[in-house]
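Undergrad: the following comprises the amino acid sequence and a computationally predicted model.
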Amino acid sequence: MDASPTAPYRPTGGCPHADNARLLARGSVIPVVLPGEVAGMAVVGHDALKEFLAHPDVAKSAEHFTALREGRIPDGWPLTTFATVPGMTTADGADHRRLRALVSRAFTARRVEELRPGIEAVTAGLLDGLDAAAAADPGGTADLRRHFALPLPMGVICALLGVDAEHQDRLHRLTSQIVATDIASDEVMAANKDMVELLGTIAAARTADPGDDLTSALIAAREEDGDRLSPPELIGTLLLMVIAGHETTLNLITNAVRALCAHRDQLALVQEGKASWTDVVEETLRWDSPVSYFPFRYPTRDLTLDGTVIPKGTPVLAGYSAAGRDKAAHGPDADRFDVTRDAASRHLSLGHGSHYCLGAPLARLEAAIALERLFTRFPALDLATADDELPSKAGFVGNSVAVLPVRPRP
């Protein structure tokens, strides 16, 4: 078997699942070449990934990233933010528990359920806008991603953070650049600089005029105890909330609509009450994860995983989309979209272990409401472009298409 390193999949886009299948055929743990010819590894098998995500000898802090610590990573490296942004995704142990505790109170089951009426109201308004956009188009089409799947989670997370609506478009543009893996170093550095300045402006506004929002609560926690949240940690936490709070749900809604339009029999099961919208969300998370490969974790010692050694300090990608279709875990029909699948809850697309996604309940709620209301209002909604002709998003972190033209009207 060829053990030479490979890119996770085409950096300019393309279907990740065909490439994932080829990687899975090579094993659960494979060497990869990251942008800038940086050596890394990816865990793509379900069982291996589950073990890796919760392994006590795997860290998130970049102090364990050997090449970075030794100065072998160039300035402007496209993935630097993932490694170095201060916050929960790069913290371990007590620091991680401290940061997570500050944010977790905003994502309790009760607090998330309290957001339901607002999500439903926003959804209704966006459906009106989607209908109007299609009516104004000569072909009766509208980009569901632009008019519906994006503004819903972006509006919800900005409301949760107390971010003014005027900043939303810029936030999305900058986060898209920050999570990109295919842009030039000067663009990466400019996007990060602009984002830090924008989040600083947002934090300053909430400091001057606190409200009942997460940003104000984080600032208050910092002021009550100066050691609890440093200024860089505040900015890093806001950055994480904005990116994770809308990019993942945007891709989840987009991918679910594509899946249902391509599998009308599965949509019929839900419309007939034989499956639920929650079932659709869970099967989409498994079958077409909104995240393909998430950076980074680092073994704190040479670690053997499913027979493969991952050297200490290696940057490792978590291969969520590959693990979701691993036939060893999900059966020989893992490539089939099936909303009645009993094992759908076994997916890892929202993480596992101590770094499990805090916003998972909110993402699930938003997606279920969005899909139910969308197909209730437009039961015959279909794609205006063949699914295999839709352009995939470039890069290997987010997994979705760049646009989703639909015909929402009969």
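TA: Noted; the coordinates are in hand.

Undergrad: quick check: next helix or strand after the longest helix along the chain?
TA: With DSSP state H setting the assignment, residue counts place helix 231-262 as the longest helix in the chain. Downstream of helix 231-262, the next assigned helix or strand under DSSP states H and E is helix 264-271.

Undergrad: how far does that following helix sit from its chain's centre?
TA: On the basis of C-alpha atoms, centre = their mean, to the nearest Å, helix 264-271 sits 26 Å off its chain's mean C-alpha point.

Undergrad: just want the angle from it to helix 231-262.
TA: Going by axes from the mean of the first three to the mean of the last three C-alpha atoms, to 10 degrees, helix 264-271 is angled at 110 degrees with respect to helix 231-262.

Undergrad: and Gly125, how many residues sit next to it?
TA: Neighbourhood size, Gly125 [other C-beta atoms under 10 Å]: 12. For glycine as for every other residue, the C-beta is placed from the backbone atoms N, C-alpha and C.

Undergrad: same thing with Thr254?
TA: Thr254, neighbours per other C-beta under 10 Å, totals 26.

Undergrad: could you do Thr308 as well?
TA: So Thr308, with other C-beta under 10 Å, has 16 neighbours.

Undergrad: gap between it and Glu366?
TA: 37 Å (C-beta to C-beta, to the nearest Å).

Undergrad: next one: His167
TA: His167 is 20 Å from Glu366, by C-beta to C-beta.

Undergrad: so if I had to pick from these two, which one is more boxed in?
TA: Glu366 (30 against 18).

Undergrad: and that one, what element?
TA: helix 360-377.

Undergrad: same check, this time on Gly351
TA: Here Gly351 is assigned to no helix or strand, by DSSP H and E.

Undergrad: could you shift the numbering so residue one becomes 780, and keep it that way?
TA: New numbering, starting at 780: the last item is Gly1130.

Undergrad: does it touch Phe831 like I think?
TA: No: the pair Gly1130 and Phe831 fails to qualify as a contact (C-beta atoms under 8 Å) at a distance of 11.4 Å.

Undergrad: more neighbours, those two?
TA: Between Gly1130 and Phe831, Phe831 has the larger neighbour count (other C-beta under 10 Å), namely 27 against 18.

Undergrad: which residue packs closest to the more buried one, ignoring adjacent ones?
TA: In space, and not counting its chain neighbours, Phe831 is closest to Val822: 4.8 Å by C-beta to C-beta, 6 or more residues apart in numbering.

Undergrad: show me the contacts for the one you found.
TA: Shown in contact with Val822 (C-beta atoms under 8 Å, 6 or more residues apart in numbering): Ser807, Val808, Leu828, Phe831, Leu1084, Val1095, Leu1096, Ala1097, Gly1098, Ala1102.

Undergrad: what sits closest to Leu878 if chain neighbours are left out?
TA: Met867 is the one closest to Leu878 (C-beta to C-beta, 6+ apart), at 4.7 Å.

Undergrad: so for the most centrally placed residue in the chain, what pLDDT did the model give?
TA: Most central in the chain under C-alpha atoms, centre = their mean is Thr1027, positioned 3.2 Å from the mean C-alpha point. Looking at Thr1027, its pLDDT stands at 93.

Undergrad: wait, it sits on Arg1143?
TA: No: applying C-beta under 8 Å as the test, Thr1027 and Arg1143 come out as separate, 10.9 Å apart.

Undergrad: before we move on, back to that, give the residues shared as contacts by Gly1130 and Phe831.
TA: Ala1097.

Undergrad: for the record, mean pLDDT for the helix or strand encompassing Ala880?
TA: For Ala880, the enclosing helix or strand under DSSP H and E is helix 872-883. On average, the pLDDT along helix 872-883 is 90.

Undergrad: can you show me the helices along the stretch 1030-1179 of the chain?
TA: 1043-1050, 1056-1066, 1099-1103, 1106-1109, 1139-1156 (DSSP state H, counting those that start in this stretch).

Undergrad: contact partners for Ala1047?
TA: Per C-beta under 8 Å, 6+ apart, neighbours of Ala1047: none.

Undergrad: how near is it to Thr1119?
TA: Here the distance between Ala1047 and Thr1119 works out to 12 Å (C-beta to C-beta).

Undergrad: so where's the stretch 980-1129 of the chain uncertain?
TA: The model of the stretch 980-1129 of the chain has pLDDT under 70 over residues 1001-1006, 1122-1124.

Undergrad: one more time with 80
TA: Counting by pLDDT under 80, the stretch 980-1129 of the chain contains low-confidence residues at 1000-1008, 1122-1124.

Undergrad: ok, back up a step: rebuild the contacts of Val822 as JSON lines, extending it with distance to Val975.
TA: JSON lines is the format used below for the contacts of Val822 (distance: C-beta to C-beta, whole Å):
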{"residue": "Ser807", "distance to Val975": "37"}
{"residue": "Val808", "distance to Val975": "35"}
{"residue": "Leu828", "distance to Val975": "32"}
{"residue": "Phe831", "distance to Val975": "31"}
{"residue": "Leu1084", "distance to Val975": "35"}
{"residue": "Val1095", "distance to Val975": "27"}
{"residue": "Leu1096", "distance to Val975": "25"}
{"residue": "Ala1097", "distance to Val975": "26"}
{"residue": "Gly1098", "distance to Val975": "30"}
{"residue": "Ala1102", "distance to Val975": "33"}
